[in-house]
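> Take a look and give me a structure for this.
(2 chains)
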Amino acid sequence: MPGEPGDATLKAATASGDAAGLATLHRMAGDRALARGEADAAAFFWTQAHVWALVAGDEPLAEVLARRLRKAGRLD
Amino acid sequence: MAVAVERLKEAGRVPLGNRCYTDPAFFEAELDRVWGGGWCCIGFAADVPEPGHVALVRLGRRPLLLARDRDGRLRVFWNVCRHRGMTLVEAPARLKGVIRCPYHSWCYALDGALRTTPHVGGPGRSSDPAIDRATLGLIEARSAEWLGCVFVDLSGTALPFAEHIAPLARRWADFADRPLFAGGADCRFDLEVESNWKLAVENYCESYHLPWVHPGLNSYSRLEDHYDIIEPGCSGQGTRAYRPMLAADGGRLPRFADLASQWDEGAEYAALYPNLLLGVHKDHTFALRLDPLAVDRTAEHVALWFADGTALDAEHAPLRQALARLWREVFAEDIGVVEGMQRGRHATGFDGGVLSPAMDGATRAFHLWVAERYRATGLDAG
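Now for the predicted structure:
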């Protein structure tokens, strides 16, 4: 799917435990999906990004993503 | 069993038959009922020194995790995700954020709260009416810290820890009511013995074996200077003459301030049942935590603490290391006899043995405690 993080990039970020990098990769993929009008794909990537932001201890980013997901009815 | 306890009290005989030391099924039941039925030590506070640190600990095969939360509070949780029971922490780490389950990425804050459940309601949906995050935090075990050690009560029904520890805390108020400074890596070591955990406790309790097994102690901690310590929930030995020479030039580690005079040349060693072997001295304390790996295999984790931060500096490194070597040597000397007693427990003609009223009182106190725990929890030691 266009806009998805590449497998190699994802594998490398996962292998290195780069949670902040994974959060960024997935947030950007979500943003691109939204720009294409693919709401479900955007929610999927933002959900992934939310997890990695929490793991990275990036609470501001986690809160931004949580707000987006709540607004989309994806998170209580 | 009540009869056996009475018999032990009256005649010094041992109610713990060979099966208590050799039967794997008995060992598992013992972990559940004796260890899991009250307070036991599962780690050292220094294993999670700063907020964000997590460490895996086990009680037998039971997985637990230590976590130092963002407020600096040490907590103990069952090391399992509430979703599928996956273990969460497999190695010590310092986390920047949450604890993430590696299976489906349910995430927990260090205070145990369940932060998110990604895709739980379908792809891109982190909520589901059937999943109430507020009730699905990590399962926290009742825990306490004392003398640098971490204790849990997995039953949740034991006496409050302050009551549990009160007899030894009163006895050692000079040490327990002040900050201790954990030694670094050069003051930690691990040993492993091929024996049941109880034999390690029994050996630690008594001084009878010292001249034979620890001949080096004869020069500075003689048998005749020792006395028994018997308190509720713990027993051991003390010495009125602890005078080790760590450095040829007479160098010494900083001493605890304002100690009572008994500690000028005295030291005490007590087994806090079931599994913590403690020692206190004018310039350091130590703890040896018994970790029951199998009915006939026990890990020993040793850590030392000091009187103040200057003991941890480079100037004192040779003395710290000499002290750690000394204790490692002493504990290693015990391995042969503890393992020998374990092998002896396979002698079907052996009936548990007898105890010397003069020399085995502290061991007898431990046997009485164990026998009482068996009786109270319906564990048949016959």
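> what are the ranges of the strands in the stretch 101-250 of chain B?
B:107-108, B:114-116, B:140-146, B:149-153, B:181-182, B:188-193, B:226-231, B:234-239 (DSSP state E, counting those that start in this stretch).
> I'd like those strands as a markdown table, with distance to chain A appended.
Placement of C-beta: from N, CA and C, glycine included. Output for the strands of the stretch 101-250 of chain B, formatted as a markdown table (distance: least, CB to the nearest CB, whole Å):
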| stretch | distance to chain A |
| --- | --- |
| strand B:107-108 | 5 |
| strand B:114-116 | 6 |
| strand B:140-146 | 20 |
| strand B:149-153 | 24 |
| strand B:181-182 | 26 |
| strand B:188-193 | 26 |
| strand B:226-231 | 45 |
| strand B:234-239 | 41 |
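> Save the ones you listed as TSV, and put in distance to B:D258, mean neighbour count and mean pLDDT too.
Below are the strands of the stretch 101-250 of chain B laid out as TSV (distance: least, CB to CB, whole Å; neighbours: other CB atoms under 10 Å in any protein chain shown; pLDDT from 0 to 100):
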stretch	distance to B:D258	mean neighbour count	mean pLDDT
strand B:107-108	43	23	98
strand B:114-116	46	22	97
strand B:140-146	20	18	97
strand B:149-153	23	24	98
strand B:181-182	16	17	94
strand B:188-193	28	17	98
strand B:226-231	22	18	93
strand B:234-239	20	24	95
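> Those into a markdown table, with extra columns for distance to B:F27?
As requested, those are exported to a markdown table (distance: least, CB to CB, whole Å):
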| stretch | distance to B:F27 |
| --- | --- |
| strand B:107-108 | 32 |
| strand B:114-116 | 34 |
| strand B:140-146 | 21 |
| strand B:149-153 | 19 |
| strand B:181-182 | 31 |
| strand B:188-193 | 15 |
| strand B:226-231 | 26 |
| strand B:234-239 | 22 |
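> Please name the nearest non-neighbouring residue to the closest residue to chain A within the stretch 101-250 of chain B.
Relative to chain A, the nearest point of the stretch 101-250 of chain B is B:G124 (3.1 Å; CB to the nearest CB). Among residues not flanking B:G124 along the chain, A:A43 sits closest, at 3.1 Å (CB to CB, 6 or more residues apart in numbering or on different chains).
> One more: B:S356?
B:Y208 is the one closest to B:S356 (CB to CB, 6+ apart), at 6.9 Å.
> Pull the contacting residues for B:L65.
Neighbouring residues of B:L65 by CB atoms under 8 Å, 6 or more residues apart in numbering or on different chains: B:54-57, B:76-79, B:88-89, B:99.
> go with 6 Å
Counting by CB atoms under 6 Å, 6 or more residues apart in numbering or on different chains, B:L65 touches B:54, B:56, B:77, B:79, B:89.
> B:D351 too?
B:D351 touches nothing, counting by CB under 6 Å, 6+ apart.
> Over to B:E202?
Neighbours of B:E202 in contact, by CB under 6 Å, 6+ apart: B:T363.
> and if you look at B:R364?
Counting by CB under 6 Å, 6+ apart, B:R364 touches B:L355.
> Among the strands of the stretch 101-250 of chain B, which comes closest to B:E315?
strand B:181-182 (14.5 Å; CB to CB).
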